[in-house]
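*Asks:* Next comes the sequence, and after it the predicted model I'd like to discuss.
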Amino acid sequence: MLTILSLTWAMQNQQLIIPVNGPFNFKECLWFLDRGYDDCLIRVYRDHFRKALIVENEEIIFDVFGDIEGLKVTIISGKLKEQTIDYIKRYLTEWFDLENDLEDYYRAISFDERLNYMSDTFYGLRLIGIPDLFEAIVWCIIGQQINLTFAYKIKRRLVEEFGKQVNCQNQTFYIFPSPQDFKTVDPQDLLRIQLSKSKANYILEVAKAFLEGRINKKVLIEQASFELQQRLLMSIKGIGLWTANYVLMKCIRINNSVPYGDAGLSNALIQHQIIANKTDLVGTKHFFRQFEGWESYLVFYLWHSLSKNVKINSVHREK
DNA sequence: CTCCAGGTATTTT
DNA sequence: AAAATACATGGA
């Protein structure tokens, strides 16, 4: 009891500091989290964001600021139990990939004149993940073959209708629904939020796979190889190669998982004069081979270049 | 109106 | 085994 009281007292008066290893630019990460899209799971402000989580069965709302040393978290509301602070620390470290040192990545892309601008322009950008496996998979299914604006609209409807609501200071925050939340949901209910028939079925299939224990984050991590991880994901209807690779990159944080065939990735590679047409899978694989161990980061930075609409360096050919 | 979106499963050659 | 096609619908 004394511990809880002293923790509460401590958190009311000071920030939780979460250190980062290597280059870090919180502003760049914050920019990614907003990107002009309407994400329903986070509120982004000028110099921080606010989010709700359920930790140890308690609704917690917190603000996250940051500087070159790492993240600074202030708890806004929610009863803090002993493990809560620890959980939030681990959650944010994973979400923002704070343990990776990006110096090696910047070295790896420094030899390519089409990419080396990134270590300045996007300096300190971390691969922002999706720690919740169910959320990562469902987000992929929603986003398959539709534009991101539309995908975020559908995600908002899904979260508002089937997720949990947390109210604080006249603001409503949402928690992404869990597999249990879809236990009694019919495909028909999902058609109302403008999911296609197949996507509605896929999402319920995924929820069922979680409820039956056929898949969860622990099981996926413990697969003996990358190929087995892909296979486990793809054994569920609605998860193809693109979704499997995206999930392994954004949730399991495999460092060399590339979502081949991704429309945005292809466009970025064309803009950077790396491939000439979208169907050039051979050229794409050949290109990524040069950046072994940092493929996922490169994918993330290429996507980032699209949303920031940067002017691509024209390759110098003089001399 | 046409084309394309951070694809996948199914059907047809 | 590889290629074509249905799926859904908003935005440019």
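*Replies:* Done, it's in. Numbers count the residues shown, from 1 in each chain, chains lettered A, B, ... in the order given.

*Asks:* Would you mind confirming that A:Lys250 is in contact with A:Ile137?
*Replies:* No: in terms of Cβ atoms under 8 Å, A:Lys250 does not count as a neighbour of A:Ile137; the distance is 10.1 Å. Using the backbone N, CA and C atoms, a C-beta is placed for each residue, glycine as well.

*Asks:* three-state assignment of A:Phe62?
*Replies:* Each residue gets one of three states, and A:Phe62 gets strand by DSSP: H, G, I helix; E, B strand; the rest coil.

*Asks:* give me the low-pLDDT residue ranges for the stretch 201-319 of chain A?
*Replies:* Within the stretch 201-319 of chain A, the stretches with pLDDT under 70 are A:311-319.

*Asks:* okay, now the closest residue in space to A:Val44 that isn't next to it in sequence: neighbour count?
*Replies:* Closest residue to A:Val44 in three dimensions, ignoring its sequence neighbours and counting by Cβ to Cβ, 6 or more residues apart in numbering: A:Asp34, at 4.2 Å. Around A:Asp34 sit 15 other residues, with neighbours defined as other Cβ atoms under 10 Å.

*Asks:* go on, A:Ala207?
*Replies:* Applying other Cβ under 10 Å, we find 22 residues neighbouring A:Ala207.

*Asks:* And it, how close does it get to A:Gln180?
*Replies:* According to Cβ to Cβ, to the nearest Å, A:Ala207 and A:Gln180 sit 8 Å apart.

*Asks:* got it, and A:Tyr174?
*Replies:* For A:Tyr174, the distance to A:Gln180 under the criterion Cβ to Cβ works out to 16 Å.

*Asks:* ok, these two, which is more surrounded?
*Replies:* Each of A:Tyr174 and A:Gln180 had its neighbours counted (other Cβ under 10 Å), and the higher figure belongs to A:Tyr174 (19 against 11).

*Asks:* what about the strand or helix carrying that one, distance to the chain center?
*Replies:* With the criterion set as DSSP states H and E, the secondary-structure element containing A:Tyr174 is strand A:171-175. For strand A:171-175, the separation from the chain centroid amounts to 19 Å (computed by Cα atoms, centre = their mean, to the nearest Å).

*Asks:* contact partners of the helix or strand following it?
*Replies:* Tracing the chain past strand A:171-175, the next element assigned as helix or strand by DSSP H and E is helix A:187-191. If you take Cβ atoms under 8 Å, 6 or more residues apart in numbering as the criterion, helix A:187-191 is touched by A:Leu158, A:Glu161, A:Lys197, A:Lys199, A:Ala200, A:Asn201, A:Ile203, A:Leu204.

*Asks:* what about the third one, how many neighbours?
*Replies:* Think A:Lys197. 11.

*Asks:* bridging residues for the nearest residue to A:Leu33 once chain neighbours are set aside?
*Replies:* On the basis of Cβ to Cβ, 6+ apart, the spatially nearest residue to A:Leu33 that is not a chain neighbour turns out to be A:Val44, at 5.4 Å. According to DSSP bridges, the partner residues bridging A:Val44 are A:Phe49.

*Asks:* A:Val44: how many residues sit nearby?
*Replies:* For A:Val44, the tally of surrounding residues (other Cβ under 10 Å) stands at 16.

*Asks:* and the residue in the stretch 201-319 of chain A that DNA strand C sits nearest to, how far is that from A:Tyr87?
*Replies:* The shortest separation between the stretch 201-319 of chain A and DNA strand C is 8.5 Å, found at A:Asn201 (distances taken as Cβ to the nearest atom of the strand). When distances are taken as Cβ to Cβ, A:Asn201 and A:Tyr87 turn out to be 34 Å apart.

*Asks:* now A:Ile17
*Replies:* The separation that A:Ile17 has from A:Tyr87, given Cβ to Cβ, amounts to 16 Å.
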